[in-house]
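> need a structure here:
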Amino acid sequence: MGVIYSARYYAGWERRKRAVPTVVPPTVGERVVHLFESQLELNPLSTTYRIRKIIPPNSKHPSMMLKTLKTVLGFTFALSIYVRATAAADTNGAVAKNAMLVYVGTFTGTAAKSKGIYYFRADRDPVSQNIGLTPLGLAAETPSPSFLALDSQRRLLFCANEMNSFEGKPGGGVSAFSIDPATGQLKLIDQQSSMGAGPCHLVLDKTGRNLLVANYGSGNVAVLPVAADGRLGEATCVVQDTGKGPNPGRQQGPHAHCVALSPDNRFAFVCDLGTDKVMIFQFDARHGKLTPNDPPFASVPPGAGARHIVFHPNGKFAHVINEMGSSVTVFAYDARAGALKELQTRSTLPEHYGEPSTGAEIAIEPSGRFLFASNRGHNTLSQFAVDPKNGTLDWIAELDSGGKTPRHFGIEPSGKYLAVCNQDSDTVQMCRIEPGNGRLKPMGELTHVPSPVCAVFLPMNPAEVGLTNGDGDNIPGRYKN
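Modelled structure (predicted):
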């Protein structure tokens, strides 16, 4: 007698088998949860007749197990109905105060026919603790919002409009939106030129008064002032990089791919894919100015292509993902001088893999114990343990992204969940981060989103709200609500 699995469960188990080197058979409890989920959607009345299908053929006590399963399933069924009914009891499009929203930026003008920023409610199952995404629709129509940044305290969302023409002039744009506290819908406040072509990354400084944007096409960085209500002013500073790298196809000139701020808001770091450098600037938040630091840059291996940088929560290390090199370079960080010293560079791909692939996103979960990096081509997320003393990385595992071209992933503020944006398969995969070992576990079905390229989480409960870019309460000049 064989075992019958639901289609959803079987697909999820297959992904887990590819994700870890050792395959562990599912437990009876896992079978109950996944069978229950599938049967609830198909036909709840038939569930009790299919319980026998999940009992192992060699079970010593099938009758006792059957009674236990029926009891658990009955309780779970009732609890789930209550939870779903409560979640669905929204009126006039309102979102529950304790809800978690997920905003997804996309590329427009492609075959996927995206219209802008979409948003979802993250619903947690009370039994399995898995999260599923409930579509809420189009949050805002805007051209190619390829990167998003939140100010959770002021309920503001900013996006980089990655294009080469803005309001009839060369260059891309930056948009600011207010977030409706009841529905989560976005309302356009203001737009400004990014002062360069192809803006692909931005960050709100920790005072909330400045938005820094990296322009990939033109290889420069601009600083835009932000008013208390979210309105954007004209750029107060534009810095142009120069130089090139050894790759003639990708590095004929500068390509600013990311701009990030030091934990104390005193320095700005710009990953330049075209020159294999991380440019370092002193940042004047009061006046919105950038001036070259001494030292003015740190280097990654030639031809590696620095893409994104992330600081460790302890402030002692910085990690850079290299796009063409499919690697992570670890730096020791001197907070006083704003200097980076290379400690390690290691691949994000398994040794046996020899097909084309490029690194994309990098992030560290809040505890600082685990780092994740995405691989486009190999279509995986690599998982590393971070040594707390020297910042170096040890390989843990890899996870199939559930689709094609995982350009970006976002980590939920508590560090328990992660959303992967698969750009070329038009899907978002939700994962749970296991707290003990940092492994990623796929959850539920893939969510359809046209050409998704960025995901951010927003808790609607004010008690859970914190700055996406770090704790800014101790930064002088921070806007207060």
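
> all contacts plus neighbour counts: C-alpha atoms, from now on.
Noted.

> any regions of the stretch 51-200 of the chain where pLDDT drops low?
Applying pLDDT under 70 to the stretch 51-200 of the chain flags the ranges 51-93, 97.

> what about the helices in it?
62-87 (DSSP state H, counting those that start in this stretch).

> and stretch 153-164, end to end?
End-to-end span of stretch 153-164 (CA to CA, to the nearest Å): 32 Å.

> can you give me the buried ones in that stretch?
Arg154, Arg155, Leu156, Leu157, Phe158, Cys159, Ala160, Asn161, Glu162, Met163, Asn164 (16 or more other CA atoms under 10 Å).

> how about stretch 218-229?
Under 16+ other CA under 10 Å, the buried positions of stretch 218-229 are Ser218, Gly219, Asn220, Val221, Ala222, Val223, Leu224, Pro225, Val226.

> among those residues, name the ones in helices.
Among the buried residues of stretch 218-229, none falls in helices (DSSP state H).

> for these, which one is nearest Gly253?
The closest of the buried residues of stretch 218-229 to Gly253 turns out to be Gly219 (CA to CA; 7.6 Å).

> what's the closest non-adjacent residue to the closest one?
His255 (4.2 Å; CA to CA, 6 or more residues apart in numbering).

> was I right to think that neighbour contacts Val221?
No: using CA atoms under 8 Å, His255 makes no contact with Val221, being 10.0 Å away.

> list the residues that contact both of the two?
Shared contacts of His255 and Val221 (CA atoms under 8 Å, 6 or more residues apart in numbering): Asn215.

> beta-bridge partners for the residue positioned nearest the centre of the chain, please?
The chain has Gly410 as the residue nearest its centroid, 1.5 Å off, counting by CA atoms, centre = their mean. Here Gly410 sits in beta bridges with Ala419, going by DSSP bridges.

> so what's it up against?
Ala363, Leu418, Ala419, Val420, Cys454, Ala455, Val456, Phe457.

> separation between it and Asp276?
25 Å.

> is it correct that Gln429 falls within a strand?
Yes: with DSSP: H, G, I helix; E, B strand; the rest coil as the criterion, Gln429 is assigned to a strand.

> next one: phi and psi at Met324?
For Met324, the backbone dihedrals (degrees, to the nearest 10) come out as phi -70, psi -30.

> from memory Asp123 sits against Ile131, does it?
Yes: between Asp123 and Ile131 there is a contact under CA under 8 Å: 5.3 Å.

> now render the contacts of Gly410 as CSV, adding distance to Phe283, pLDDT and neighbour count.
Listed next are the contacts of Gly410 as CSV, based on distance: CA to CA, whole Å; pLDDT from 0 to 100; neighbours: other CA atoms under 10 Å:
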residue, distance to Phe283, pLDDT, neighbour count
Ala363, 23, 98, 23
Leu418, 31, 97, 23
Ala419, 31, 98, 24
Val420, 32, 98, 29
Cys454, 26, 98, 28
Ala455, 27, 98, 27
Val456, 25, 98, 23
Phe457, 27, 97, 25
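
> residue ranges of the strands in the stretch 151-300 of the chain, please?
Secondary structure of the stretch 151-300 of the chain (DSSP state E, counting those that start in this stretch): strands at 156-161, 165-166, 169-170, 173-179, 186-193, 199-204, 210-215, 220-225, 237-240, 256-261, 267-272, 277-284, 289-299.

> isn't Ser382 right up against Thr348?
Yes: the pair Ser382 / Thr348 is scored as a contact, 6.0 Å apart, by CA under 8 Å.

> okay, and the common contacts of these two?
The overlap between the contact sets of Ser382 and Thr348 (CA under 8 Å, 6+ apart) consists of Ala373, Ser374, Asn375.

> by neighbour count, which of those residues wins?
When neighbours are counted by other CA atoms under 10 Å, Ser374 leads the shared contacts of Ser382 and Thr348 with 33 neighbours.

> what residues are up against Ser382?
Taking CA under 8 Å, 6+ apart as the criterion, Ser382 is in contact with Thr348, Leu349, Phe372, Ala373, Ser374, Asn375, Trp395, Ile396, Ala397, Glu398, Leu399.

> element containing it, please.
strand 380-386 (DSSP states H and E).

> mean confidence score for that strand?
Strand 380-386 carries an average pLDDT of 98.

> next helix or strand past that strand?
strand 393-400.

> which phi and psi does Asp424 have?
Phi and psi for Asp424, reported as degrees, to the nearest 10, are phi -90, psi 0.

> related to what we said a few turns ago, Glu355: which of the contacts of Gly410 is nearest?
Glu355 lies nearest to Val420 out of these, by CA to CA, at 21.6 Å.

> check contacts around the closest residue to Leu150 other than its chain neighbours.
The spatially closest residue to Leu150, leaving aside those adjacent along the chain, is Leu157, at 4.6 Å (CA to CA, 6+ apart). Listed by CA under 8 Å, 6+ apart, the contact partners of Leu157 are Leu148, Ala149, Leu150, Asp151, Ala176, Phe177, Ser178, Ile179, Leu186.

> next one: the last one from Val95, what distance?
Spelled out, that is Leu186. To Val95, Leu186 is 13 Å away according to CA to CA.

> returning to that earlier point: take the buried residues of stretch 218-229 and write them to a markdown table, including distance to Gly305 and pLDDT.
Below are the buried residues of stretch 218-229 laid out as a markdown table (distance: CA to CA, whole Å; pLDDT from 0 to 100):
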| residue | distance to Gly305 | pLDDT |
| --- | --- | --- |
| Ser218 | 16 | 97 |
| Gly219 | 13 | 98 |
| Asn220 | 16 | 98 |
| Val221 | 17 | 98 |
| Ala222 | 21 | 98 |
| Val223 | 23 | 98 |
| Leu224 | 26 | 98 |
| Pro225 | 29 | 98 |
| Val226 | 31 | 98 |
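
> which one of those residues is nearest Gly137?
For these, the nearest to Gly137 is Val226 (27.7 Å; CA to CA).

> show me the contacts for the closest one.
Gly208, Arg209, Asn210, Leu211, Leu232, Gly233.

> dig out what it forms beta bridges with.
Leu232.

> mind listing the strands for the stretch 351-481 of the chain?
With DSSP E, counting those that start in this stretch as the criterion, the stretch 351-481 of the chain has strands spanning 358-364, 370-376, 380-386, 393-400, 406-411, 417-422, 427-433, 440-448, 452-459.

> of all those, which one comes closest to Thr142?
Nearest of the strands of the stretch 351-481 of the chain to Thr142, taken as CA to CA: strand 452-459 at 13.7 Å.

> relative to strand 358-364, how tilted is that closest one?
Computed by axes from the mean of the first three to the mean of the last three CA atoms, to 10 degrees, the angle separating strand 452-459 from strand 358-364 equals 10 degrees.
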